[in-house]
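**Q** Got a predicted structure plus its sequence, pasted below:
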Amino acid sequence: MHAAVVVFPGSNCDRDLAVAFEATGAKVSMVWHKDSALPDGVDIIGIPGGFSFGDYLRCGAIAANSPICRSVAQHADRGGYVLGICNGFQVLTETGLLPGALLRNAGLKYICQTVGLKVETSASDYTKGYNAGDIINIPIAHHDGNYYADDDTIARLQGEDRIAFTYTDNPNGARADIAGILSENRRVLGMMPHPERAADVGHGGTDGQALFRALAGALITA
Ligand SMILES: NC(=O)CC[C@H](N)C(=O)O
């Protein structure tokens with residue numbers, strides 16, 4: 001598996017994401033947001049967490065207009081994999097690769113804690129290492145994690161089995177307790193919780209490991 005991790009000014013989980021990919025044996029290329037092309041042979045693009053461009057305008061809005069995001073969209077259009085975590089999820093909604101928006105947390109406070117997530121579907125190359133219904137513990141750290149989409153979009157996500165994770169105890173007001181969603185072709189995943197921060201025994205939890213391992217299993221190349 002060859003993963004590219006995009007770095008914006010203000011990204012702060014780029015290295016963590018690279019380490020989580022590397023732990024599966026993946027080759028990782030770091031890509032600066034001003035680059036317009038991706039390295040050859042990239043299987044998956046990781047859009048990391050952080051505070052790209054200081055979260056000005058709306059979280060992820062400026063990053064979504066970076067040169068590299070045109071290549072990210074082309075990669076997704078070709079059926080490539082894209083994983084957006086936290087600020088990365090915000091970037092993916094701002095680019096239109098995933099529906100909906102991440103609003104300010106209902107309590108208006110930044111929340112940094114480990115939360116329970118229910119795995120809603122194992123039918124994706126991200127979630128097939130879990131069983132649907134599994135409860136896993138993964139950290140969150142955000143002030144704009146309150147997922148919003150209109151009724152039709154929520155119904156469509158539910159009807160198409162595209163909700164990957166929900167919160168067991170909704171911390172931010174997200175509609176339908178949504179913590180992560182999949183694209184129509186199930187190859188783009190956006191999620192507010194940070195699986196890369198629960199991918200090593202040193203993190204105090206390893207419930208995120210199965211996501212990276214499942215991906216590597218699906219994307220292994222000779
Ligand atoms: N950890 C992060 O990626 C932070 C995401 C985002 N900037 C927020 O606070 O909502």
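**A** Received it, and whenever you're ready, just let me know what you need.
**Q** okay, CA-based contacts and neighbour counts for the rest of this
**A** Noted.
**Q** Spell out which parts of this protein neighbour the ligand.
**A** Gly49, Gly50, Phe51, Asp55, Cys59, Cys86, Asn87, Ala141, His142, His143, Asp144, Gly145 (C-alpha under 6 Å from any ligand atom).
**Q** So which of those belong to strands?
**A** Ala141, His142 (DSSP state E).
**Q** quick one: secondary structure of Glu196?
**A** helix (DSSP: H, G, I helix; E, B strand; the rest coil).
**Q** Which residue ranges of this structure form helices?
**A** Listed in chain order, the helices of the chain (DSSP state H) span 14-22, 67-77, 87-95, 151-159, 209-219.
**Q** now the first one against helix 209-219, angle please.
**A** Just to be clear, that refers to helix 14-22. Orientation check (axes from the mean of the first three to the mean of the last three C-alpha atoms, to 10 degrees): helix 14-22 against helix 209-219 gives 60 degrees.
**Q** Which elements pack onto helix 14-22?
**A** Identification of packing neighbours for helix 14-22 by 3 or more C-alpha pairs under 8 Å, 6 or more residues apart in numbering; DSSP states H and E yields strand 2-7, strand 27-32, helix 209-219.
**Q** picking that back up, which of the helices of the chain has the highest mean neighbour count?
**A** Neighbour counts (mean count of other C-alpha atoms under 10 Å) averaged over each of the helices of the chain peak at helix 87-95, with a mean of 27.
**Q** if we can go back for a sec, the helices of the chain: which one's closest to His194?
**A** helix 14-22 (9.1 Å; C-alpha to C-alpha).
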